[in-house]
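Asks: Below is the structure, and that's it, no one-letter string:
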């Protein structure tokens, strides 16, 4: 399913399965809480997820 990332506006393919590219992004718990708070129930593109994973949780 094609979606638009709510963070950057890029269109991307969301598979909603274990084979989706987002499943390979490791996020700390604080980053997961940030995503749930800022983008509830939404999918972000893999690039944005990688950026969030690299950011320090205290900045969020």
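Replies: Arrived safely. What you are looking at is a predicted structure, and each value in this text was computed from that prediction instead of being measured.

Asks: ranges for the helices of this protein?
Replies: 29-38, 46-54 (DSSP state H).

Asks: Just the buried residues of the last one, please?
Replies: Residues of helix 46-54 classed as buried by neighbour count (16 or more other Cβ atoms under 10 Å): 46, 48-50, 52. No exception for glycine: its C-beta is placed from N, CA and C like everyone else's.

Asks: With stretch 17-34 instead?
Replies: Neighbour counts over stretch 17-34 (16+ other Cβ under 10 Å) mark 22, 25, 27, 31, 34 as buried.

Asks: now do stretch 6-18
Replies: For stretch 6-18, the neighbour count (16+ other Cβ under 10 Å) marks 7, 12, 14 as buried.

Asks: ok so, going back, quick one, which of the helices of the chain is nearest to residue 2?
Replies: helix 46-54 (14.0 Å; Cβ to Cβ).

Asks: Just list the residues touching the closest residue to residue 20 other than its chain neighbours, thanks.
Replies: Leaving out its chain neighbours, the residue that sits closest to residue 20 by Cβ to Cβ, 6 or more residues apart in numbering is residue 14, at 6.6 Å. Residues in contact with residue 14 (Cβ atoms under 8 Å, 6 or more residues apart in numbering) are 1-3, 20, 22, 43.

Asks: can I get those residues in TSV with pLDDT?
Replies: As requested, these are exported to TSV (pLDDT from 0 to 100):
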residue	pLDDT
1	87
2	92
3	93
20	84
22	86
43	91
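
Asks: out of those, what pair is the most spread apart?
Replies: Greatest spatial distance in those: 2 and 22, 14.4 Å, computed using Cβ to Cβ.

Asks: ok, back up a step: now distance to residue 38 too, for the buried residues of helix 46-54, in JSON lines please.
Replies: What follows is the buried residues of helix 46-54, written out as JSON lines (distance: Cβ to Cβ, whole Å):
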{"residue": "46", "distance to residue 38": "17"}
{"residue": "48", "distance to residue 38": "11"}
{"residue": "49", "distance to residue 38": "13"}
{"residue": "50", "distance to residue 38": "16"}
{"residue": "52", "distance to residue 38": "10"}
